[in-house]
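**Student:** need a structure here:
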Amino acid sequence: MADRLTGKRIVITGAAQGIGLAIAEAFTAEGAALLLIDRDGTLLENEASRLRKQGGRIAAATADITDAPGVKAAIDAAAGEIGPFNALVNNAGVNVFSEALSLSDEDWTRCFDINLKGAWNCSRAVLPGMIAAGGGSILNIASTHAFTIIPHTFPYPVAKHALLGMTKALGLEYADKGVRVNALAPGYVRTQKVIDYWNGFPDPAAAEAETMKLHPGRRIAEPKEIAMAALFMISDECPFMTATCLTVDGGLSVLHHP
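**Tutor:** Here you go, the predicted model:
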(Lines give C-alpha, C1' and ligand atoms only; values in the text may rest on other atoms or scores of the structure.)
Protein backbone atom coordinates (compact mmCIF):
# COMPACT_ATOMS: atom_id res chain seq x y z
CA MET A 1 0.00 0.00 0.00
CA ALA A 2 1.04 3.60 -0.48
CA ASP A 3 -0.28 7.08 0.23
CA ARG A 4 -2.07 5.94 3.36
CA LEU A 5 -1.04 9.17 5.07
CA THR A 6 -1.52 11.64 2.24
CA GLY A 7 -2.80 14.88 3.74
CA LYS A 8 -1.39 14.08 7.16
CA ARG A 9 0.99 16.55 8.79
CA ILE A 10 2.56 14.76 11.71
CA VAL A 11 4.89 15.67 14.56
CA ILE A 12 7.19 12.84 15.71
CA THR A 13 9.35 13.24 18.82
CA GLY A 14 12.52 11.30 19.51
CA ALA A 15 12.76 10.92 15.75
CA ALA A 16 16.51 10.75 15.16
CA GLN A 17 16.96 7.05 15.89
CA GLY A 18 15.32 3.82 16.99
CA ILE A 19 11.54 3.50 16.94
CA GLY A 20 11.04 7.20 16.21
CA LEU A 21 13.20 7.08 13.10
CA ALA A 22 11.52 3.88 11.89
CA ILE A 23 8.15 5.62 12.27
CA ALA A 24 9.44 8.63 10.34
CA GLU A 25 10.64 6.37 7.51
CA ALA A 26 7.33 4.50 7.32
CA PHE A 27 5.26 7.69 7.44
CA THR A 28 7.38 9.35 4.75
CA ALA A 29 6.86 6.36 2.47
CA GLU A 30 3.10 6.73 2.94
CA GLY A 31 2.96 10.39 1.92
CA ALA A 32 2.93 12.27 5.23
CA ALA A 33 4.57 15.66 5.80
CA LEU A 34 6.58 15.50 9.00
CA LEU A 35 8.12 17.59 11.74
CA LEU A 36 10.88 15.56 13.36
CA ILE A 37 11.92 16.62 16.87
CA ASP A 38 14.95 15.40 18.79
CA ARG A 39 17.54 16.72 21.23
CA ASP A 40 20.44 15.42 19.10
CA GLY A 41 20.54 18.10 16.43
CA THR A 42 23.38 16.62 14.38
CA LEU A 43 21.88 13.14 14.15
CA LEU A 44 18.43 14.61 13.52
CA GLU A 45 19.55 16.76 10.60
CA ASN A 46 21.45 13.87 9.04
CA GLU A 47 18.36 11.67 9.08
CA ALA A 48 16.04 14.50 8.00
CA SER A 49 18.31 15.19 5.02
CA ARG A 50 18.29 11.52 4.06
CA LEU A 51 14.47 11.42 4.14
CA ARG A 52 14.26 14.62 2.08
CA LYS A 53 16.45 13.02 -0.58
CA GLN A 54 13.94 10.18 -0.70
CA GLY A 55 11.22 12.69 -1.54
CA GLY A 56 9.91 13.35 1.95
CA ARG A 57 8.46 16.68 2.99
CA ILE A 58 10.40 17.04 6.22
CA ALA A 59 10.91 19.80 8.77
CA ALA A 60 13.29 19.22 11.66
CA ALA A 61 13.65 20.96 15.02
CA THR A 62 16.25 20.43 17.71
CA ALA A 63 14.20 20.78 20.88
CA ASP A 64 13.79 19.40 24.38
CA ILE A 65 10.22 18.20 24.93
CA THR A 66 10.47 19.06 28.64
CA ASP A 67 10.67 22.74 27.60
CA ALA A 68 7.00 23.56 26.93
CA PRO A 69 7.53 27.02 25.35
CA GLY A 70 10.43 25.76 23.26
CA VAL A 71 8.58 22.76 21.84
CA LYS A 72 5.48 24.85 21.14
CA ALA A 73 7.60 27.40 19.29
CA ALA A 74 9.16 24.63 17.19
CA ILE A 75 5.75 23.17 16.32
CA ASP A 76 4.27 26.56 15.51
CA ALA A 77 7.21 27.48 13.29
CA ALA A 78 6.99 24.21 11.35
CA ALA A 79 3.22 24.60 10.99
CA GLY A 80 3.91 27.85 9.17
CA GLU A 81 6.14 25.93 6.78
CA ILE A 82 4.16 22.75 6.06
CA GLY A 83 0.69 23.51 7.45
CA PRO A 84 -1.17 22.93 10.72
CA PHE A 85 -0.55 19.53 12.27
CA ASN A 86 -3.33 16.98 12.41
CA ALA A 87 -1.37 14.16 14.06
CA LEU A 88 1.29 13.66 16.72
CA VAL A 89 3.42 10.71 17.78
CA ASN A 90 4.80 11.14 21.30
CA ASN A 91 7.73 8.75 20.99
CA ALA A 92 10.55 10.41 22.96
CA GLY A 93 11.32 8.67 26.22
CA VAL A 94 14.08 7.61 28.57
CA ASN A 95 14.73 4.50 30.64
CA VAL A 96 15.14 5.26 34.34
CA PHE A 97 15.52 2.01 36.30
CA SER A 98 16.34 1.89 40.00
CA GLU A 99 15.70 0.18 43.28
CA ALA A 100 13.00 2.45 44.70
CA LEU A 101 14.74 3.68 47.84
CA SER A 102 17.99 4.25 45.95
CA LEU A 103 16.34 6.58 43.44
CA SER A 104 17.47 10.20 43.54
CA ASP A 105 15.05 13.10 43.32
CA GLU A 106 16.82 14.18 40.13
CA ASP A 107 16.20 10.83 38.41
CA TRP A 108 12.55 10.81 39.53
CA THR A 109 12.06 14.24 37.99
CA ARG A 110 13.94 13.32 34.81
CA CYS A 111 11.82 10.19 34.34
CA PHE A 112 8.50 12.00 34.65
CA ASP A 113 9.59 15.15 32.82
CA ILE A 114 10.54 13.21 29.69
CA ASN A 115 8.16 10.24 29.73
CA LEU A 116 5.01 12.05 30.85
CA LYS A 117 5.31 15.82 30.97
CA GLY A 118 7.04 15.91 27.59
CA ALA A 119 4.17 14.03 25.98
CA TRP A 120 1.72 16.46 27.56
CA ASN A 121 3.74 19.47 26.40
CA CYS A 122 3.54 18.27 22.79
CA SER A 123 -0.10 17.27 23.06
CA ARG A 124 -1.03 20.64 24.50
CA ALA A 125 0.77 22.35 21.62
CA VAL A 126 -1.22 20.56 18.90
CA LEU A 127 -4.63 19.97 20.49
CA PRO A 128 -6.11 23.46 19.96
CA GLY A 129 -5.40 23.28 16.24
CA MET A 130 -6.84 19.78 15.97
CA ILE A 131 -10.00 20.83 17.78
CA ALA A 132 -10.40 23.90 15.60
CA ALA A 133 -9.96 21.76 12.48
CA GLY A 134 -12.53 19.22 13.62
CA GLY A 135 -10.23 16.31 14.32
CA GLY A 136 -6.81 14.76 14.61
CA SER A 137 -4.90 11.85 16.05
CA ILE A 138 -2.38 11.55 18.88
CA LEU A 139 -0.39 8.37 19.47
CA ASN A 140 1.61 7.90 22.66
CA ILE A 141 4.38 5.31 22.51
CA ALA A 142 3.96 3.61 25.85
CA SER A 143 5.43 0.21 26.77
CA THR A 144 4.42 -3.11 28.25
CA HIS A 145 5.71 -1.41 31.41
CA ALA A 146 2.43 0.57 31.23
CA PHE A 147 0.49 -2.44 32.56
CA THR A 148 3.09 -4.83 33.97
CA ILE A 149 5.79 -4.38 36.59
CA ILE A 150 9.35 -5.70 36.35
CA PRO A 151 11.16 -5.52 39.70
CA HIS A 152 14.00 -3.02 40.01
CA THR A 153 12.80 -0.84 37.11
CA PHE A 154 11.25 1.87 39.32
CA PRO A 155 10.04 4.53 38.46
CA TYR A 156 9.84 3.90 34.69
CA PRO A 157 6.68 1.75 34.86
CA VAL A 158 5.04 4.34 37.09
CA ALA A 159 5.54 6.99 34.42
CA LYS A 160 4.34 4.65 31.66
CA HIS A 161 1.24 3.73 33.68
CA ALA A 162 0.59 7.46 33.98
CA LEU A 163 1.09 7.94 30.24
CA LEU A 164 -1.55 5.30 29.60
CA GLY A 165 -3.86 7.10 32.02
CA MET A 166 -3.31 10.38 30.19
CA THR A 167 -4.07 8.61 26.90
CA LYS A 168 -7.43 7.42 28.19
CA ALA A 169 -8.30 10.74 29.82
CA LEU A 170 -7.50 12.85 26.76
CA GLY A 171 -9.15 10.34 24.46
CA LEU A 172 -12.43 10.67 26.34
CA GLU A 173 -12.06 14.42 26.85
CA TYR A 174 -11.83 15.22 23.15
CA ALA A 175 -13.70 12.34 21.49
CA ASP A 176 -16.62 14.64 20.66
CA LYS A 177 -14.16 17.02 18.97
CA GLY A 178 -13.01 14.36 16.53
CA VAL A 179 -9.62 13.91 18.18
CA ARG A 180 -8.46 10.35 18.74
CA VAL A 181 -5.85 9.67 21.44
CA ASN A 182 -4.34 6.19 21.65
CA ALA A 183 -1.25 4.40 22.90
CA LEU A 184 1.02 1.77 21.44
CA ALA A 185 2.83 -0.58 23.83
CA PRO A 186 5.95 -2.25 22.43
CA GLY A 187 7.85 -4.88 24.35
CA TYR A 188 11.50 -5.54 23.58
CA VAL A 189 12.60 -3.91 20.31
CA ARG A 190 16.01 -4.23 18.66
CA THR A 191 17.08 -0.63 19.20
CA GLN A 192 20.47 0.70 20.24
CA LYS A 193 19.20 1.03 23.82
CA VAL A 194 18.47 -2.70 23.98
CA ILE A 195 21.79 -3.56 22.33
CA ASP A 196 23.58 -1.35 24.86
CA TYR A 197 21.73 -3.19 27.64
CA TRP A 198 23.01 -6.55 26.37
CA ASN A 199 26.50 -5.13 25.98
CA GLY A 200 26.49 -4.19 29.66
CA PHE A 201 26.75 -7.88 30.59
CA PRO A 202 30.02 -9.87 30.68
CA ASP A 203 28.59 -12.11 27.93
CA PRO A 204 26.37 -9.98 25.65
CA ALA A 205 25.43 -12.95 23.44
CA ALA A 206 24.18 -14.90 26.45
CA ALA A 207 22.20 -11.87 27.65
CA GLU A 208 20.60 -11.56 24.21
CA ALA A 209 19.75 -15.27 24.21
CA GLU A 210 18.05 -14.94 27.60
CA THR A 211 15.92 -12.09 26.26
CA MET A 212 14.85 -14.22 23.30
CA LYS A 213 13.81 -17.04 25.63
CA LEU A 214 11.23 -14.75 27.24
CA HIS A 215 9.29 -14.55 23.97
CA PRO A 216 6.99 -17.22 22.55
CA GLY A 217 8.45 -16.66 19.06
CA ARG A 218 12.03 -16.64 20.38
CA ARG A 219 12.71 -13.23 18.89
CA ILE A 220 12.07 -9.56 19.63
CA ALA A 221 10.54 -6.87 17.43
CA GLU A 222 12.36 -4.90 14.79
CA PRO A 223 11.73 -1.11 14.86
CA LYS A 224 9.93 -1.35 11.50
CA GLU A 225 7.34 -3.69 13.03
CA ILE A 226 6.45 -1.08 15.64
CA ALA A 227 6.33 1.56 12.91
CA MET A 228 3.79 -0.49 10.94
CA ALA A 229 1.50 -0.61 13.97
CA ALA A 230 1.93 3.13 14.49
CA LEU A 231 1.05 3.72 10.84
CA PHE A 232 -2.26 1.90 11.28
CA MET A 233 -3.13 3.73 14.48
CA ILE A 234 -2.31 7.23 13.24
CA SER A 235 -4.09 6.68 9.91
CA ASP A 236 -7.79 6.89 9.11
CA GLU A 237 -8.02 3.10 9.03
CA CYS A 238 -9.14 2.86 12.66
CA PRO A 239 -11.53 5.84 12.96
CA PHE A 240 -13.46 4.42 15.92
CA MET A 241 -10.41 3.56 18.02
CA THR A 242 -9.66 6.01 20.84
CA ALA A 243 -8.63 6.00 24.51
CA THR A 244 -7.10 2.55 24.12
CA CYS A 245 -3.75 0.80 23.82
CA LEU A 246 -2.45 -1.65 21.20
CA THR A 247 0.18 -4.08 22.49
CA VAL A 248 2.92 -5.20 20.09
CA ASP A 249 5.21 -7.49 22.09
CA GLY A 250 5.10 -10.90 20.41
CA GLY A 251 3.00 -12.30 23.24
CA LEU A 252 5.54 -11.48 25.95
CA SER A 253 3.07 -9.85 28.34
CA VAL A 254 0.59 -12.72 28.30
CA LEU A 255 3.12 -15.55 28.65
CA HIS A 256 3.33 -16.91 32.18
CA HIS A 257 6.90 -17.32 33.38
CA PRO A 258 7.02 -19.78 36.30
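**Student:** if I read this right, residue 15 contacts residue 21, doesn't it?
**Tutor:** Yes - at 6.0 Å, residue 15 counts as touching residue 21 under the criterion of C-beta atoms under 8 Å. Quick note: C-beta positions are derived from backbone N, CA and C, even for glycine.
**Student:** what residues do those two have in common as contacts?
**Tutor:** Common contacts of residue 15 and residue 21 (C-beta atoms under 8 Å, 6 or more residues apart in numbering): residue 47.
**Student:** Look at these two and report which has more neighbours.
**Tutor:** Counted by other C-beta atoms under 10 Å, residue 15 and residue 21 do not tie: residue 15 has more neighbours, with 32 against 24.
**Student:** who are the neighbours in contact with the more buried one?
**Tutor:** Applying C-beta under 8 Å, 6+ apart to residue 15 gives the contacts 21, 23, 24, 34, 36, 37, 38, 44, 47, 91.
**Student:** Which of the residues you listed fall in helices?
**Tutor:** Taking DSSP state H, the ones among the contacts of residue 15 that sit in helices are 21, 23, 24, 44, 47.
**Student:** So residue 182: helix, strand or coil?
**Tutor:** strand (DSSP: H, G, I helix; E, B strand; the rest coil).
**Student:** go on, residue 124?
**Tutor:** Of the three states, residue 124 takes helix under three-state DSSP.
**Student:** is it true that it touches residue 69?
**Tutor:** No - contact criterion C-beta under 8 Å: residue 124 and residue 69 do not qualify, at 11.1 Å.
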